[in-house]
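*Asks:* Here is my input; please provide its structure:
(2 chains)
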Amino acid sequence: MELELGLAPPNDAGSCGKRRSAEAFGVKKPTLPLFLRDDDDDGDHGNGEDDTGDARDCEISMGNKRKRLVGWPPVKSAHRPRSNSHVKVKMEGVPIGRKVDLSRHASYHQLHHTLRLMFPSTSHHGDPYAVTYEDVDGDWVLVGDVPWE
Amino acid sequence: RKQKDNDTASLSTPSSPDALPAAAASPRAPPARASRRVASPGPATARAAPMGRGGARDGAAAAPPWHSLPDEVLEHAFSFLPAAADRGAAAAVCHGWLGAERRSRRRLAVANCYAAAPRDAVDRFPSVRAAEVKGKPHFADFGLVPPAWGAEAAPWVAAAADGWPLLEELSFKRMVVTDECLEMIASSFRNFQVLRLVSCEGFSTAGLAAITEGCRNLRELDLQENYIEDCSSHWLSYFPESFTSLETLNFSCLEGEVNFAVLERLVSRCRNLKTLKLNNAIPLDKVASLLRKAPQLVELGTGKFSAEYHSDLFAKLEAAFAGCKSLRRLSGAWDAVPDYLPAFYCVCEGLTSLNLSYATVRGPELIKFISRCKNLQQLWVMDLIEDHGLAVVAGSCSKLQELRVFPSDPFGAGQVLLTERGLVDVSASCPMLESVLYFCGQMTNEALITIAKNRPNFTCFRLCILEPRTPDYVTRESLDAGFSAIVESCKGLRRLSVSGLLTDLVFKSIGANGNCLEMLSIAFAGNSDLGLHYILSGCKTLKKLEIRDCPFGNKPLLANAAKLETMRSLWMSSCSLTLGACRQLAEKMPRLTVEIMNDPGRTCPVESLPDDSPVETLYVYRTIAGPRSDTPDYVQIV
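*Replies:* As a prediction, the model looks like this:
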C-alpha cells in the first residue's frame, strides 16, 4: 500500500468520485510520498498472495530517521521525545499572541483546528484564516505546501 | 445463556448492553440456577419454605423463596457484588432482581459513551454515586482520530446533574470536557468528591478554578495526560483557606506555572494528602520543601527533575525524602543529573511503583537506583535502561508484576538499545510478572517461546517491534511461532498486541487459544481475509479489536457480523474494506453503529458513493442508543 501524506490547498474542493485508499487525505497526485513499499501493489489488497513474508521493504532513508507512519509506533504524545516545538502565533489585529506546540499535532488539519480554537472567529465555515509562517529565508509562506513531516 | 437472553427480550426496561453481554461473558459470575437457594436474613416465611414444597405458600406452583424476598434484602445481598459483571448477572435472573439491582447500583462504568444515551443510563440506575465514561477509540491516543470527532462529556454531565444529585465521583477518559462541563459539575453535586480526567481535552485552567472553588468536599483532583489550555487562571488559589479535604492532587500534565506559595499552604493544611503529582514548573528545591510539609505522602510525582548538582540541594532532598516513610509510588520527568538519585535511596526499599517513562536519565546510576527497589511491583521505564539494566531488574525485583518499556527514540536511527534479551531475563526471574508492554527493535521466535514457557501467568502481553513487519532477525521467518507460543501457554491472557512479521497462521492460533482474550491490537500483519476470520470466529470473550494496515477485507467482516454485537467495538483502518460491505453490515445488524471516517475536509455524503469505494477507517460499536447525532463532517454513519 502506498501511503502518501500531503495537503491540498485549503480552497481545493475535492471531487466526490471514486478514489483509492491511497488518497485518504485528499491528495491529488503528484505529491511527495512519505515512503514507499515495494511489497504491495497499488490497491491490490484482496488476497495478498505475493505480498507478505517479503522482508525487503524498500526504505527511503530520510537522513537517519525511520520512515514516519501516522500513529506509529503507538506511543502517546506525552511519551514522545519533546523537542522545542513551541512556536509563537500572532494574528493580525490581535495584540496578544499565543504559543502552539507543533509536536502535539499530527497534521495541518489538527493545527488549523487548534488555531481556530485559539483565535475564534464569527464565521464557522471553512478556513476563515490564512495561516502563514516565516521560513528560513525570511519569507512569509502559506502553510500546507510541504508535507507536515 | 440462552435463557438469559430470553429474559432480556421480555423485559420492558431497556437493558444496558454492558450489563448483559458482560454477564454472559464473565467467567466469574456464577450462573443463576433455579435450584440454588438464596440464604438471607429475610422474613421467616422465605426461609422456612424449601424449594418447591410450598409451606406458607402452598399452591399449584409454589414460587421459590427468592421470588418473594423484599427489595431491601436483595439490595443488601447485591451490595456484596461490586463487580459490574456479577451485578449484571444478578440483574438478568428475573424482574425482581433486575429492579433491585438497578435501583441499588452505586458504581457505573460506561465503556463507550455512545453505547447508551446518558438520560437512559441515569434513569436506569438512579442511585449511582460514582460514574466513569469513556469516549474516543483507543487509537485516538496515537493521532489516528482527527479533532472534533465527538465524545463530548456535556450530555453526560447534564444528565447526571439532573438525575444524580448525590453524585460523588466522575471520571472521563478520552472525552471532550469543556469549562462549562466543569462549572456544571462544581455547581450541581453538593457532595462531589472525586474528579478524574484522563486523556481529555477542551478545558482550561478557568474550568479547574470552578472545580477548586465550588467543590467543598473535594478529595481527589486527578488530571492524567490531558491537554489543558492555560488561561493563567490561578485555579489553585480558588481552594478556600478552610479547605482541607484533599487526598489526591495530580496536575502533572499542566503546562503552566502555579503559585508555589499557594500550593505550599494547600499541602500544609491538607493532612490527608496521600498523592501529589506536580508538573514541570516546580523546581527541585521546591519539591524538597513540599515533601517536608507532607511527609505522609504515599505517591509522589516530581516535576522537571533536573538541576545542576549542588551539594546543599542534594542534602536538602536527602533529608526531605528521609522523612517520607510512607512513600510507595514515585514518578516524574527526571532529566536529572544522575548525581541526585542517591538522595532518595532511602525510599527505594519501600517503593512498589516506579514510573520513569518520562525520564531520560540513564546509566549506572539509574540501574543502581532501581536495583535497590527490592519490593517493586510496577516498573515503567525508557529503553535507555538497555538489556543489562533489565538483567539487573530481573535479579533485584523479584516481586515485579508489571513492566513497561518505552522507546526513547521512536522515529530514530534504529540504534538498538534494547533487544529481546531484556524481556527474556525479566520473564525468567520475576515469577509474578503478568503484564508487559515492550518496545524494542528486534525479536526472535526462540525468545518468545522461552518467555511463554517461563511466564504462563501473563494476563497482558503487548510487544511492539518498532519497524513494521520485522521478521525473526536470526531465522528471517515470521514470528508466528513465537506469538502462538504465548497464546498457547498463557491461558489467562486478556490483552494482546502483536507486531513484527506475521502471517494468517498466528491468527488461527490466537483465535483458537485466546479464550480469555478481551482486547487485541493488530498492525501490519496477516496476509488475507483468513486472518481476520480466524479472530472473529474464535476468541470467545473478545471485547475490543483494533486493526490497522492489514490486508483484511469485507468477507470475514460480513461472515462474522453477529460476533460484532458481542463485542464493545471494532476499529479497522487502512485495511481493504469497501463501502458496500459496510452498508450490508449496517443493514444486517441494526444494533451496531457503523461509522466510516474518511479524510477530514471532505464533505461528500456517503450515500452518493458507489459500493466499491474504499473505506479508510471503520469504527463499529454496539449501542442501544441508535446512531449518534454529533458526527463531524468527516465521519459518516452508514
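*Asks:* Pull up the pairing partners for the host helix or strand of residue B:330, direction included.
*Replies:* For residue B:330, the host element (DSSP states H and E) is strand B:329-333. Using DSSP bridges, strand B:329-333 pairs in its sheet with strand B:299-304 (parallel), strand B:353-355 (parallel).
*Asks:* next SSE after the last one?
*Replies:* In this case it means strand B:353-355. Counting by DSSP H and E, what follows strand B:353-355 is helix B:364-371.
*Asks:* Which neighbours in the sheet does the helix or strand following that following helix have, and how are they oriented?
*Replies:* Once helix B:364-371 ends, the next helix or strand along the chain (criterion: DSSP H and E) is strand B:378-382. Strand B:378-382 has the following strand partners under DSSP bridges: strand B:353-355 (parallel), strand B:402-406 (parallel).
*Asks:* any idea how chain B splits into domains?
*Replies:* In terms of domains, chain B is parsed into B:69-105, B:107-146+B:153-212+B:220-227 (source: the TED database).
*Asks:* what's the straight distance from one end of the last one to the other?
*Replies:* End-to-end distance for domain B:107-146+B:153-212+B:220-227, by Cα to Cα, to the nearest Å: 27 Å.
*Asks:* Looking at the stretch 151-300 of chain B, what residue ends up closest to chain A?
*Replies:* Proximity of the stretch 151-300 of chain B to chain A (Cβ to the nearest Cβ) peaks at residue B:225, 5.1 Å away. To be clear about C-beta, it is placed using only N, CA and C from the backbone, and glycine gets the same treatment.
*Asks:* Ok, the stretch 451-600 of chain B next?
*Replies:* residue B:576 (3.6 Å).
*Asks:* quick one: stretch B:129-141 near chain A?
*Replies:* Yes. Stretch B:129-141 reaches chain A (Cβ under 8 Å from any Cβ of the partner chain) through B:139, B:141.
*Asks:* buried set for that stretch?
*Replies:* By 16 or more other Cβ atoms under 10 Å in any protein chain shown, the buried positions in stretch B:129-141 come out as B:129-141.
*Asks:* re earlier: single out the most deeply packed of the strands paired with strand B:378-382.
*Replies:* Mean neighbour count (mean count of other Cβ atoms under 10 Å in any protein chain shown) peaks for strand B:402-406 among these, with a mean of 23.
*Asks:* Mind telling me what element the residue of the stretch 451-600 of chain B closest to chain A is part of?
*Replies:* Here residue B:576 is assigned to strand B:569-578, by DSSP H and E.
*Asks:* Report how many residues lie close to residue B:339.
*Replies:* Look at residue B:339: counted by other Cβ atoms under 10 Å in any protein chain shown, it has 14 neighbours.
*Asks:* Just confirm yes or no for the helix or strand of chain A with the lowest mean pLDDT near chain B.
*Replies:* None of the helices or strands of chain A scores lower by mean pLDDT, DSSP states H and E than helix A:108-118, at a mean of 80. Yes. Judged by Cβ under 8 Å from any Cβ, helix A:108-118 comes into contact with chain B through A:109, A:110, A:113, A:114, A:117.
*Asks:* Emit the PyMOL select command for whichever of the residues you listed are buried.
*Replies:* Selection of buried members from the residues of helix A:108-118 next to chain B for PyMOL, criterion 16+ other Cβ under 10 Å:
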select buried, chain A and resi 109+110+113+114
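*Asks:* Name the nearest of the residues of helix A:108-118 next to chain B relative to residue B:384.
*Replies:* Closest approach to residue B:384 among the residues of helix A:108-118 next to chain B (Cβ to Cβ): residue A:110, at 29.3 Å.
*Asks:* low-confidence ranges in the chain?
*Replies:* No chain in the question, so chain A it is. When residues are selected by pLDDT under 70, those of chain A lie in A:1-67, A:79-84, A:103-104, A:106, A:122-128, A:149.
*Asks:* ah, no, chain B please
*Replies:* Looking at chain B by pLDDT under 70, you get B:1-64, B:66-67, B:305-307, B:336-337, B:413-415, B:599-604.
*Asks:* who's the residue nearest the centre of it bridged to?
*Replies:* Residue closest to the mean C-alpha point of chain B, counted by Cα atoms, centre = their mean, is residue B:173 at 8.3 Å. Judged by DSSP bridges, the bridge partners of residue B:173 are residue B:134, residue B:198.
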